[in-house]
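Asker: only geometry, no sequence info:
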């Protein structure tokens, strides 16, 4: 199974290591942090972010943990990263997540608006952090500060959203793809490769398309393809004895946007063709028909199921 989950991280040090602890930023500072981020996005023509309690919780968790255990990293000493923190606070593991962190060793309580502005300026002056703030495909934001008299200040910005569709080969447009077109487009992409391999062309088949759709989990369900019996049960009843052999491939990606696109299909197929076993399935001369379903759950996860059929 192909599963790509995008976690975009960046680090900024604003000061030297300082020397246990006051509470995190209050609502006023969090609102200021969001306002500054949205001002930067507006200047670039990007949509504003909305505050998200779970992202604020993930940022709070990390800022307080870094202060308490006196480390500075996107990954905790227990090996947890921003994706883990997002899931722990109720987020989806299929979303695109980005995180900026900062440390000011000379800062002392209380946290102030000046500190928040200093942090934002520092992040915007760093290309990697600026990229996270101005990233497309994110729509929610969380922020937290943890500050102590002996250990300075730790700050965390957390971003999340459905992400963007995969970029096709040669920068092709991310053209939206209707459900009925998925199998036709998949056949077109594969037939270029099959021609080179000397295999006959595939034709889109409605019965196999229905089977692929039934095999594709909705929401965040796990991929479970089952055996030959499960595949045949997924077919329309009148077609279950039409096929001598059925082959199926499925994969999922996270942070891949909201709507299925042609470039998503190209991305999945390119990944499969890099795997010798999956390549053999796709380019085998035996199948003559294909069905495919590409589903998006609206939170960044896309799942592609392809069924290849060899007739009796």
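Answerer: Good, I have the coordinates. In this text, all values refer to a predicted model and were calculated from it rather than measured experimentally.

Asker: okay, CA-based contacts and neighbour counts for the rest of this
Answerer: OK.

Asker: what residue ranges in the chain score low on pLDDT?
Answerer: Across the chain, the ranges flagged by pLDDT under 70 are 1-25, 168-173, 218-228.

Asker: switch the cut-off to 50
Answerer: 1-25 (pLDDT under 50).

Asker: what are the ranges of the helices in it?
Answerer: 27-43, 53-69, 82-88, 113-124, 127-133, 182-197, 206-215, 228-234, 262-273, 276-283 (DSSP state H).

Asker: Distance from the last one to the middle of the chain?
Answerer: Here helix 276-283 is found 26 Å from its chain centre; the criterion is C-alpha atoms, centre = their mean, to the nearest Å.

Asker: Summarise which helices and strands it is packed against.
Answerer: Packed against helix 276-283 by the contact rule (3 or more C-alpha pairs under 8 Å, 6 or more residues apart in numbering; DSSP states H and E) you find helix 182-197, helix 262-273.

Asker: Repeat that for the fifth one.
Answerer: Applying 3+ C-alpha pairs under 8 Å, 6+ apart, we find helix 127-133 packed against strand 7-13, helix 27-43, strand 96-104, helix 113-124.

Asker: please redo it, this time with the cut-off set to 10 Å
Answerer: Here helix 127-133 touches strand 7-13, helix 27-43, strand 96-104, helix 113-124, strand 152-161, going by 3 or more C-alpha pairs under 10 Å, 6 or more residues apart in numbering; DSSP states H and E.

Asker: What is the burial count for residue 278?
Answerer: By other C-alpha atoms under 10 Å, 16 other residues sit near residue 278.

Asker: Once you drop chain neighbours, what's closest to it?
Answerer: Spatial nearest neighbour of residue 278, chain neighbours left out: residue 272 (5.5 Å); criterion: C-alpha to C-alpha, 6 or more residues apart in numbering.

Asker: who touches residue 26 in this structure?
Answerer: The contact partners of residue 26, taken as C-alpha atoms under 10 Å, 6 or more residues apart in numbering, are 111-112, 144-145.
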